[in-house]
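K.L.:
Could you look at this predicted model? Sequence included:
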Amino acid sequence: MVDAEPMVYVVDDDQSVREGVAGLIRSAGLRTRTFASGEEFLATPRPCVPSCLVLDVNLPGLSGLDLQQELAKTPPPVPIIFLTGHGDIPMTVRAVKAGAANFLTKPVDDEALLNSIRHCIASRWGDDFRSDGTAESMVGESPAFQEILRAVRVVAPTDAAVLIQGETGTGKELVARAIHDLSSRRTRPFVMVNCAAIPATLLESELFGHEKGSFTGAIAQKIGRFEMAHQGTLFLDEIGEIPLELQPKLLRALQEQEFERLGGARTTRVDVRIVAATNRDLRQMVDEGKYRGDLYYRLHVFPLTVPPLRERREDIPLLTRYFTQRYAKKMNRAIDEIPPGTIEALMKHNWPGNIRELQHLVERSVILSPGRVLQIAVPDAAPGTSPAMRVPFVRDENPDREKILEALRLSGGIVGGAEGAAARLGLRRTTLQSRMKKLGIARQYG
Ligand SMILES: Nc1ncnc2c1ncn2[C@@H]1O[C@H](COP(=O)(O)OP(=O)(O)OP(=O)(O)O)[C@@H](O)[C@H]1O
Ligand SMILES: [Mg+2]
């Protein structure tokens, strides 16, 4: 039923932001409506469907914050994701206190926004929409997976720091969200920072904020992610990428829950629960002098290792059925048969890209299957048999220029997606993009 589909509202006075965000939401298969002002939004009747609101803080007329207060007066509650620019500190702080779901700084990272939207929709409405981001939507029956769930339930209610380790695509982010959702902080913000996607020079200000004029380009005061996550959870993704020189400041923030904004003298105190994730071997980095031991031990209070899919092959049939149903439903298709031979072949594959690789393969297969039977072209188990498949999906955490160029060549210059260079290298799209930027490699296609 169309009307039960979630709806994502976007309120921003800047037409280009509005159109960009709406396009992104549509490309993810979600419905959206845009509004140029808070007044316009309030004047339009909203059907009672699961929804979420992407809201600019700084609106002329009724501000984002005013709109938040207006909406709070009448149920059902609408989770709000605020988009903030520089210099919106006082408003941001007030909005956090009023219970905003999340904050993203402009220019908005596409992946972060979509994750946040899915999370809002998933966490507020019944099982149908729990398709991303909560403990219930984590599928798996293998003993190894059950062990992870058990550990999540044990650690979630404590305030202990958690370090989630595991290969790319194993579900580390899902585990991080589950920890937040099962903790007493669940109604407070879950703030995410991908340490690999932010250039090293900007990371400090992103984490801790800065005062106006603290460096060239700091045209206004900026609130950092630590402050945004006050009373909630801060998810430090790809924590292995934190530059050595920033590690002492991070350590102090973790230990003392205090820090100074860049260029500021005043100490800021926060109450933040840290969940960190990495696909690198931090222990080895410590041994090699590339990572501070004290920070490692502080993060390592409760280590959790998410096993690769090839070590829990029993989960493959279930995950395949789950993703098939999910994408078939999303694309309005009826696919109710997966040939036993297909499942067998899937179970033999090694899955270097783990669950993400399986998920993308199923998504593509649902699109390409003409009838009710899922047709999957299972990736070649023996590399080297076809020229195009000779070097695919070789995981490399720190690829050099040559490797990146090779992966781009193999993917026809495409960075994202199941066949893209990022997947081939076992990296996130945003991670590869930032590496490419650092190395001065131009992005050729999408
Ligand atoms: N147990 C699971 N059940 C259902 N979906 C899952 C499960 N684990 C992971 N996924 C899905 O697989 C994809 C990859 O998961 P996630 O982003 O959490 O991995 P990750 O370990 O953080 O990867 P990376 O290291 O590349 O950041 C996501 O789309 C996620 O929803
Ligand atoms: Mg991740």
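P.N.:
Thanks, I have it. Ligands and ions are numbered 1, 2, ... in the order given.
K.L.:
In three-state terms, label the residue in the chain that ligand 2 sits nearest to for me.
P.N.:
Going by CB to the ion, ligand 2 is nearest to residue 173 of the chain, at 4.0 Å. Where you see a C-beta, it was placed from the backbone N, CA and C, and this is true even at glycine. Secondary structure state of residue 173, per DSSP: H, G, I helix; E, B strand; the rest coil, is helix.
K.L.:
gap between it and residue 19?
P.N.:
28 Å (CB to CB, to the nearest Å).
K.L.:
before we move on, what about residue 149?
P.N.:
Applying CB to CB, the value for residue 149 to residue 19 is 41 Å.
K.L.:
How many neighbouring residues does the residue of the chain closest to ligand 2 have?
P.N.:
Neighbours of residue 173 under the rule other CB atoms under 10 Å: 20.
K.L.:
Kindly report the same for residue 62.
P.N.:
Neighbours around residue 62, by other CB under 10 Å: 17.
K.L.:
repeat for residue 367
P.N.:
Neighbourhood size, residue 367 [other CB under 10 Å]: 10.
K.L.:
who's in contact with the helix or strand encompassing it?
P.N.:
Using DSSP states H and E, residue 367 sits within helix 354-368. Helix 354-368 is contacted from outside by 167-171, 308-309, 316, 319-320, 323-324, 327-328, 331, 333, 335, 346, 351, 353, 374-379, 393, 417-418, 423, using CB atoms under 8 Å, 6 or more residues apart in numbering.
K.L.:
which residues touch the residue of the chain closest to ligand 2?
P.N.:
Residue 173 makes contacts with 115, 192, 235, 237, 277, as judged by CB under 8 Å, 6+ apart.
K.L.:
Of those, which belong to strands?
P.N.:
192, 235, 237, 277 (DSSP state E).
K.L.:
Format the residues you listed as CSV; extra columns: pLDDT.
P.N.:
CSV is the format used below for those (pLDDT from 0 to 100):
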residue, pLDDT
192, 92
235, 96
237, 96
277, 97
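K.L.:
Using JSON lines, lay out those residues together with distance to ligand 2.
P.N.:
Converted to JSON lines, these look like this (distance: CB to the ion, whole Å):
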{"residue": "192", "distance to ligand 2": "9"}
{"residue": "235", "distance to ligand 2": "9"}
{"residue": "237", "distance to ligand 2": "5"}
{"residue": "277", "distance to ligand 2": "6"}
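K.L.:
what's the spacing between the nearest residue to residue 405 once chain neighbours are set aside and residue 422?
P.N.:
Closest residue to residue 405 apart from its sequence neighbours, by CB to CB, 6 or more residues apart in numbering: residue 441 at 6.9 Å. Separation of residue 441 from residue 422 (CB to CB) stands at 13 Å.
K.L.:
In the protein, which residue sits nearest ligand 1?
P.N.:
Relative to ligand 1, the nearest point of the chain is residue 171 (2.7 Å; CB to the nearest ligand atom).
K.L.:
Quick check, pLDDT for residue 439.
P.N.:
Looking at residue 439, its pLDDT reads 79.
K.L.:
what does the one 3 residues further on give?
P.N.:
Listed pLDDT for residue 442 reads 72.
K.L.:
Could you do residue 207 as well?
P.N.:
Reported pLDDT at residue 207 in the predicted model: 95.
K.L.:
Would you mind listing the residues in contact with it?
P.N.:
Contacts of residue 207 (CB under 8 Å, 6+ apart): 193, 224, 225, 226, 246, 250, 253.
K.L.:
Quick one: name the residues of the stretch 301-446 of the chain near ligand 1.
P.N.:
Within the stretch 301-446 of the chain, the positions near ligand 1 by CB under 6 Å from any ligand atom are 355, 356, 359, 428.
K.L.:
I'd like those as JSON lines, with neighbour count appended.
P.N.:
As requested, those are exported to JSON lines (neighbours: other CB atoms under 10 Å):
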{"residue": "355", "neighbour count": "24"}
{"residue": "356", "neighbour count": "18"}
{"residue": "359", "neighbour count": "19"}
{"residue": "428", "neighbour count": "23"}
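K.L.:
Need the residues you listed in CSV (columns: pLDDT).
P.N.:
Output for those, formatted as CSV (pLDDT from 0 to 100):
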residue, pLDDT
355, 96
356, 94
359, 94
428, 82
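K.L.:
Please identify which of those residues is nearest to residue 102.
P.N.:
residue 428 (18.9 Å; CB to CB).
K.L.:
pretty sure that closest one contacts residue 195?
P.N.:
No. Assessed by CB atoms under 8 Å, residue 428 is found out of contact with residue 195, at 11.4 Å.
K.L.:
Now stretch 55-63 - C-alpha only, CSV.
P.N.:
The C-alpha trace of stretch 55-63 is given here as CSV (Å, rounded to 0.1, in the frame of the first residue of the first chain):
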residue,chain,number,x,y,z
LEU,A,55,15.5,20.4,8.2
ASP,A,56,17.8,23.4,7.6
VAL,A,57,18.5,25.1,10.9
ASN,A,58,18.9,28.5,9.4
LEU,A,59,15.6,29.4,7.7
PRO,A,60,14.3,32.9,7.1
GLY,A,61,11.0,33.4,8.9
LEU,A,62,10.2,30.4,11.1
SER,A,63,13.6,29.0,12.0
